[in-house]
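Colleague: Just the structure for this:
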Amino acid sequence: MKTIGTALISALLVGTSFSQNLAFEPANYANADQHEIDVGRFLFYDPILSGNKTVSCSTCHHSKFGTSDGVALGLGDGGKGLGPARVVDPNNLPEKRVPRNSPALFNLGADEFVSLFHDGRLEKDTSRPSGIRSPLEDEMIVGFDSVLSAQAMFPVLSPDEMAGHYSENEVSQAVRLGRLTGDGGAWDLIAERVRSISEYRDLFEPVLPAGKKIGFTDIANAIAAFIAFEWRANESPFDHYLRDAKPLSANAISGMDLFYGKSNCSSCHSGLFQTDHDYHAIAMPQIGPGKGARFESHARDTGRMHTTGRASDIYKFRTPSLRNVALTAPYGHAGAYETLEQVVRHHLDPVASLQAYRLKVDLPALDSATDLRIMDDPMEVDVIARANELAPQTLSDTEIEDLLAFLDSLTDPISSIGRLGVPDRVPSGLLFDQ
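Modeller: Residues are numbered from 1 along each chain as shown. Below you'll find the model as predicted:
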């Protein structure tokens, strides 16, 4: 059986900052202060950051579900419970589902991740004072350590994720009025909540310069430091194969041959993290409310075009990293596929798969949801199909099994549970799902 040698794998990894050191230490991880990581851990699980004080970052990004939430499209504000068990709160009905599948957090502290979200709407941009291009444009404040730091704080501005709706609380009211940054803005209101808790002031004392009051970017930077530390994934069987020449299973070796050879997966899933950090249209089914402005009534999600405005970017979405991919079902920007095998088979003939799509994923019950508006409209489906970039190919069932075995070899058991784990309590004293 032919195997891919370490020299060839290293050549495939050229262009990553860790191509010469496969033991990889993300800069944000290697330089992080343990005090900052510890306070970030509390903040990640603390509902104090959400408008109604009921949702935390961990609600949609939990180690129990591969740092996602285990459902195709989740419920943020207005839901109760965790993962597939999350249900509508009858006393605070959600307006709609969160429009995109909750992405995994593995390795986001590595320098290669310079753009985030399914459409890349947060990107490193050294030409801007903040160093980051974001939907806030010139309102984007200075002080975020990284794109990951900024990303961690955008869900708090989303009514459907963490902010709450309209006049439910002071944060959602500020969002509704467009007051996001600056004194009295949504971010400032959240920072004031944290500042008002003596335990957080004590926790931040060794992190911040003497006399500096806790700012919103300090909160974001701490959460990013925690994410980079907690879910660094570099101890998978694949990593040990590269670093230590530790054998993979025969099926995984055959799957690796396919991945970097015949099936050409690595044309997009390249580098150490199996992503080219680019955007591609592969005719993924569109379910759920779509991604539009609040005043728009359509259910489309045009992906990268939603960010750039370029017609050439229609239905392109960011290539996901495949590290720990076996843990992060459902798959696709809208979570349309329930299993890894289903999404692998979709890649073999995306247009045929799109046209034959039938909803099989479980979605939290929501009476107001119309989840198949796009898929029930042949004209909408045709537009998605015409944007597809992938040519059909054929793989046998055995070859697919081998590919899945290789993808499973990318699972790092340490990062899958996290290094510090879920705290028993948070400084606000608020209840959170564990």
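Colleague: Need the residues that contact stretch 58-70.
Modeller: Under the contact criterion Cβ atoms under 8 Å, 6 or more residues apart in numbering, stretch 58-70 has outside partners 44-45, 74, 76, 79, 82-84, 86, 98, 101-106, 155, 161, 231, 324, 327-330, 416-418, 421-422, 432-433. Using the backbone N, CA and C atoms, a C-beta is placed for each residue, glycine as well.
Colleague: list the contacts for Asp402?
Modeller: By Cβ under 8 Å, 6+ apart, Asp402 lies in contact with Asn251, Ala252, Ser254, Gly255, Leu258.
Colleague: Doesn't it belong to a helix?
Modeller: Yes - per DSSP: H, G, I helix; E, B strand; the rest coil, Asp402 lies within a helix segment.
Colleague: Wait, Leu403 touches Leu395, no?
Modeller: Yes - using Cβ atoms under 8 Å as the test, Leu403 is close enough to Leu395 to be in contact (7.3 Å).
Colleague: picking that back up, if you rank the contacts of Asp402 by neighbours, which is first?
Modeller: Sorting these by how many neighbours each has (other Cβ atoms under 10 Å) puts Gly255 first, at 25 neighbours.
Colleague: which non-adjacent residue is nearest that one?
Modeller: Nearest non-adjacent residue to Gly255, counting by Cβ to Cβ, 6 or more residues apart in numbering: Phe406, 2.9 Å away.
Colleague: Helix, strand, or coil at the one you found?
Modeller: helix.
Colleague: OK, contacts around it?
Modeller: Counting by Cβ under 8 Å, 6+ apart, Phe406 touches Phe238, Leu248, Asn251, Ala252, Ile253, Ser254, Gly255, Met256, Leu258, Phe259.
Colleague: List the contacts of the third one.
Modeller: Contacts of Asn251 were listed using Cβ under 8 Å, 6+ apart, and they are Glu401, Asp402, Ala405, Phe406.
Colleague: ok so, going back, joint contacts of Leu403 and Leu395?
Modeller: Residues touching both Leu403 and Leu395 (Cβ under 8 Å, 6+ apart): Leu258, Ser263.
Colleague: Who has more neighbours out of those two?
Modeller: Ranked by neighbour count (other Cβ under 10 Å), Leu403 and Leu395 place Leu403 first, with 25 against 17.
Colleague: what residues are up against that one?
Modeller: Counting by Cβ under 8 Å, 6+ apart, Leu403 touches Gly255, Leu258, Phe259, Ser263, Cys265, Val344, Leu395.
Colleague: Sticking with the closest residue to it other than its chain neighbours, tell me its helix or strand.
Modeller: The shortest distance from Leu403 to any non-neighbouring residue, by Cβ to Cβ, 6+ apart, is to Gly255 (4.5 Å). Element membership for Gly255 (DSSP states H and E) is helix 250-259.
Colleague: most centrally placed residue in the protein?
Modeller: Nearest residue to the geometric centre of the chain (Cα atoms, centre = their mean): Pro103, 2.4 Å.
Colleague: That residue against Pro320, yeah?
Modeller: Yes - taking Cβ under 8 Å as the definition, Pro103 is a contact partner of Pro320 at 7.0 Å.
Colleague: residue ranges with poor pLDDT in the protein?
Modeller: 1-32 (pLDDT under 70).
Colleague: switch to 50 and redo it
Modeller: Within the chain, the stretches with pLDDT under 50 are 1-3, 6-8, 11, 14-29.
Colleague: Was I right to think Val114 contacts Asp125?
Modeller: No - between Val114 and Asp125 there is no contact under Cβ under 8 Å: 9.0 Å.
Colleague: Report how far apart the opening and closing residues of stretch 117-128 are.
Modeller: Using Cα to Cα, to the nearest Å, one end of stretch 117-128 lies 19 Å from the other.
Colleague: Just the residues contacting it, thanks.
Modeller: Residues from elsewhere that reach stretch 117-128, judged by Cβ under 8 Å, 6+ apart: 100-101, 103, 114-116, 131-135, 140, 146-147, 150-151, 154, 279, 291, 303-304, 306-307, 317-318, 333.
Colleague: now swap in stretch 353-364 and tell me
Modeller: Stretch 353-364 has contacts (Cβ under 8 Å, 6+ apart) with 71-75, 79, 84, 86-88, 97, 283-285, 287-288, 330, 335-338, 342, 345-346, 369, 371-372, 375, 381, 384-385, 388.
Colleague: Now which of those would you call buried?
Modeller: Among these, those classed as buried by 16 or more other Cβ atoms under 10 Å are 71-75, 79, 86, 88, 97, 283-285, 287-288, 330, 335-338, 342, 346, 369, 371-372, 375, 381, 384-385, 388.
Colleague: In strands only, show me those.
Modeller: Those of the buried ones among the contacts of stretch 353-364 mapping onto strands are Gly79, Val88, per DSSP state E.
Colleague: so how far is the longest helix out of those in the chain off the chain centroid?
Modeller: Longest helix in the chain, counting residues (DSSP state H): helix 216-230. Taking Cα atoms, centre = their mean, to the nearest Å, the mean C-alpha location of helix 216-230 is offset from the chain mean by 15 Å.
Colleague: go on, stretch 382-390?
Modeller: 24 Å.
Colleague: how long is that stretch end to end?
Modeller: End-to-end distance for stretch 382-390, by Cα to Cα: 15 Å.
Colleague: which residues sit against it?
Modeller: 280-286, 314-316, 347, 350-351, 354-355, 374.
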